[in-house]
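J.: let's see this in three dimensions:
(4 chains)
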Number of protein chains: 2
Amino acid sequence: MTTRVEDQQGEAGGERISDAEHAVMEALWKHSPQTAAEVCETVCKDRGWSMPTVKTLLSRLVQKGALATQPDGRRFLYTPLIARSAYVGGESRRLVDRLFGGRAAPLLAHLAQEEALSQDDIAEIERLLREMKK
Amino acid sequence: MTTRVEDQQGEAGGERISDAEHAVMEALWKHSPQTAAEVCETVCKDRGWSMPTVKTLLSRLVQKGALATQPDGRRFLYTPLIARSAYVGGESRRLVDRLFGGRAAPLLAHLAQEEALSQDDIAEIERLLREMKK
DNA sequence: CCACTACGATTACACCTGTAATCTGAATGG
DNA sequence: CCATTCAGATTACAGGTGTAATCGTAGTGG
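T.: Presented below is the predicted three-dimensional model:
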């Protein structure tokens, strides 16, 4: 084991996405393409950021191959190059590998203990499991 | 919502534990107390670290309040101050909050899609759910 | 008693991250 | 045509992280 395949979040962009960068990605996953100003519109409020910060994060994400730019007049439109599901899947996998030896069941047990599972969650998970077994 | 309670991993030590530091914690969670040399014995192989690296990480963890030291002759014995379950719970929670809006079910769905769930996992999860509902 | 060794402590240093100011060049209003 | 403005690019900088060399000091073998 420990076959670190260095394939964290899909094929596009091997670099890791930091927490702040992730906030920007979320904005673009919600809706894209967007200009820097539009992204700021979304994230600056929540995180208390200023435009330059968003610009920096966008640039870094472009460098990392996580975003594509497409010129639109004098500004850029940014579009995610990696799918949210790929990112989310990668991160989840990383956590499960790191903390639970790759087993999902103990994760669930922990979430359960922390009361992170509502009755609805439980019902939905059961439904998922039934489907999976089919 | 978004009630960031800044209580990441239990009461002892508010600071975050980094990835490298986590490897050291794992060694000490497996068995404690241990000397720096013993910890190195465990982690240096796997991670390709040298003694000084382990020493640094141990010091940082002590600073962060994640480890207690207890002098044993001329060296120290290190003992975790935060429980593994608290750390693991905190990290899981963080992930679920950040990526799944706090809902565990979508996480499970992703793991399922990635084939991160074995038949055994599924069985165990079902057992957990049954217990939870009782 | 002293040189050596085995520790922890201190210092180092490059890279990443969060956060932003400043620079530069192009569009635009007058 | 020129000054203003607005966008991206460049630079900045402190703090965290990974990784380690070096320092100081306290026992230990001779």
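J.: which stretches in chain A count as helices?
T.: Using DSSP state H, the helices of chain A run over residues A:19-30, A:36-47, A:51-63, A:84-100, A:104-113, A:119-133.
J.: DNA strand D: which of those is closest?
T.: Nearest to DNA strand D, of all the helices of chain A, is helix A:36-47, at 3.5 Å by Cβ to the nearest atom of the strand. Any C-beta I mention is one placed from the backbone N, CA and C, and that applies to glycine too.
J.: how distant is that closest one from the center of its chain?
T.: Per Cα atoms, centre = their mean, to the nearest Å, the displacement of helix A:36-47 from the mean C-alpha position of its chain is 17 Å.
J.: how about it as CSV, C-alpha atoms only?
T.: Below are the C-alpha coordinates for helix A:36-47, written out as CSV (Å, rounded to 0.1, in the frame of the first residue of the first chain):
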residue,chain,number,x,y,z
ALA,A,36,-12.8,38.3,-11.2
ALA,A,37,-15.2,41.0,-10.1
GLU,A,38,-18.1,38.5,-10.1
VAL,A,39,-16.2,36.0,-8.1
CYS,A,40,-15.3,38.7,-5.6
GLU,A,41,-19.0,39.6,-5.4
THR,A,42,-19.6,36.1,-4.1
VAL,A,43,-16.6,35.5,-1.9
CYS,A,44,-15.4,38.8,-0.7
LYS,A,45,-18.4,39.3,1.5
ASP,A,46,-18.2,35.9,3.2
ARG,A,47,-14.5,35.9,3.7
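J.: okay, the helices of chain A in CSV with mean neighbour count next?
T.: Conversion of those to CSV gives the following (neighbours: other Cβ atoms under 10 Å in any protein chain shown):
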stretch, mean neighbour count
helix A:19-30, 18
helix A:36-47, 16
helix A:51-63, 17
helix A:84-100, 19
helix A:104-113, 22
helix A:119-133, 15
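J.: any regions of chain A where pLDDT drops low?
T.: A:1-14, A:115-116, A:133-134 (pLDDT under 70).
J.: so it: which segments form each domain?
T.: A:19-80, A:84-133 (automatic domain parsing).
J.: could you dump those into a markdown table with distance to DNA strand D added?
T.: Shown next, in a markdown table, are the domains of chain A (distance: least, Cβ to the nearest atom of the strand, whole Å):
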| stretch | distance to DNA strand D |
| --- | --- |
| domain A:19-80 | 3 |
| domain A:84-133 | 11 |
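J.: done for today, thanks.
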